[in-house]
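[1] Pasting a predicted model and its sequence here:
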Amino acid sequence: MLWLLFGLHRPGLAIAELVVLWLAILVTIVLAWRVAPLAGALLLPYLASVTFAGLLNVTLWRLTA
């Protein structure tokens with residue numbers, strides 16, 4: 001995401017990549033939770049940090065557009 005946002009200056013693509021990453025993490029959490037709930041729970045902070053990064057990305061895009 002960072003190379004799309006800062007390297008190529010393409011915040012729209014960075015947001016699209018972030019959505020794909022967010023969905024992949026969510027699917028991984030659901031699948032891991034079925035096998036070992038602790039493993040799924042340990043991925044929740046990662047999902048939160050990606051969500052926060054997405055909010056920063058959208059805010060930056062809106063402020064510079």
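    Perfect, thanks for sending it. Model, not experiment: these values are computed from the prediction. Numbering: from 1, shown residues only.
[2] going forward, measure contacts and count neighbours with C-alpha atoms only.
    OK.
[3] Tally up the residues packed near residue 48, please.
    Residue 48: 12 surrounding residues under other C-alpha atoms under 10 Å.
[4] And for residue 33?
    Residue 33: 16 surrounding residues under other C-alpha under 10 Å.
[5] Mind pulling the model confidence for it?
    You'll see residue 33 listed with a pLDDT of 97.
[6] which residue lies farthest from the center of this structure?
    Distance from the C-alpha centroid of the chain peaks at residue 35, with 23.1 Å (C-alpha atoms, centre = their mean).
[7] ok, now how distant is it from residue 47?
    With distances taken as C-alpha to C-alpha, to the nearest Å, residue 35 is found 19 Å from residue 47.
[8] Then residue 16?
    Applying C-alpha to C-alpha, the value for residue 16 to residue 47 is 16 Å.
[9] Mind picking out the helix or strand in this protein with the poorest mean pLDDT?
    Taking mean pLDDT, DSSP states H and E as the measure, helix 2 is the helix or strand of the chain with the lowest mean score, a mean of 53.
[10] And for residue 63, the neighbour number?
    Using other C-alpha under 10 Å, residue 63 has 8 neighbouring residues.
[11] ok, now residue 13?
    Number of residues near residue 13 (other C-alpha under 10 Å) recorded here: 14.
[12] now residue 36
    The number of residues packed near residue 36 is 11, by other C-alpha under 10 Å.
[13] And it, how far from residue 28?
    For residue 36 relative to residue 28 (C-alpha to C-alpha), the value is 12 Å.
[14] re earlier: what comes up buried for the helix or strand just after the least confident helix or strand of the chain?
    Next in sequence after helix 2, counting helices and strands by DSSP states H and E, comes helix 11-35. Across helix 11-35, burial judged by 16 or more other C-alpha atoms under 10 Å covers 11, 14, 15, 18, 21, 22, 25, 26, 29, 32, 33.
[15] Pick the one among these closest to residue 63.
    residue 11 (11.5 Å; C-alpha to C-alpha).
[16] Give the residue spans of this structure that score low on pLDDT.
    1-9 (pLDDT under 70).
[17] quick one: which helix or strand includes the residue most central in space within it?
    The centroid of the chain falls nearest to residue 50 when counting by C-alpha atoms, centre = their mean (3.5 Å). Element membership of residue 50, judged by DSSP H and E, is helix 44-64.
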